[in-house]
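**Student:** Structure for this input, please:
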Amino acid sequence: MMTHDGGLRLHMQRVLRAPRPVVFRALTEPQELAKWWGPDGFTTPDVESDLRPGGGYRIAMQPPEGDRFYLVGEFLVVNPPERLSYTFRWEDPDPEDRETVVTLSLRDIGGTSAELVFSQGDFATERRQALHEEGWTQSLNKLEELMSSVAST
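**Tutor:** Next up is the predicted model:
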């Protein structure tokens, strides 16, 4: 998806069946993040996080086959339970990669659900944007399933 300024960005929205504070914890607490992070088949064996503006994070991702790789960045905005923003870059980036910014906003829906608005960009190439779109779609599907299971307990 392109923005008016020509940058390549992703935009997604989801309604999650859990209150905003529960969703925010799933987005930020390492043990919760590890339950849903990454494309289908990937695991998240380690999450390090210093959740504060200026604090850093490092997420280990393990594909079904192949070597573990890492995602790192810095928190820009931490405003529970409404907004989270951080830089996103691979430790060993593909030549087409560059650092992007992820922003997650949560809007309360009746105290029992939350609307998640996600954006990320700007990407260097359409190919990298498409790769991230696929990964985030699969990850957010897992988050949606996790939040539905929390809501039903």
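**Student:** burial measure for residue 147, as a count.
**Tutor:** Other residues lying near residue 147 total 23 when counted by other Cβ atoms under 10 Å. C-beta coordinates here come from the backbone N, C-alpha and C atoms, glycine included.
**Student:** Mind checking what secondary structure it has?
**Tutor:** Classification of residue 147 using DSSP: H, G, I helix; E, B strand; the rest coil returns helix.
**Student:** Could you verify my assumption that it touches residue 22?
**Tutor:** Yes - Residue 147 is in contact with residue 22 according to Cβ atoms under 8 Å; the separation is 7.1 Å.
**Student:** From residue 72, how far off is residue 92?
**Tutor:** 10 Å (Cβ to Cβ, to the nearest Å).
**Student:** what about those two, which has more around it?
**Tutor:** Counted by other Cβ under 10 Å, residue 92 and residue 72 do not tie: residue 72 has more neighbours, with 16 against 8.
**Student:** Who are the contact partners of the more buried one?
**Tutor:** 56, 57, 58, 59, 89, 90, 91 (Cβ atoms under 8 Å, 6 or more residues apart in numbering).
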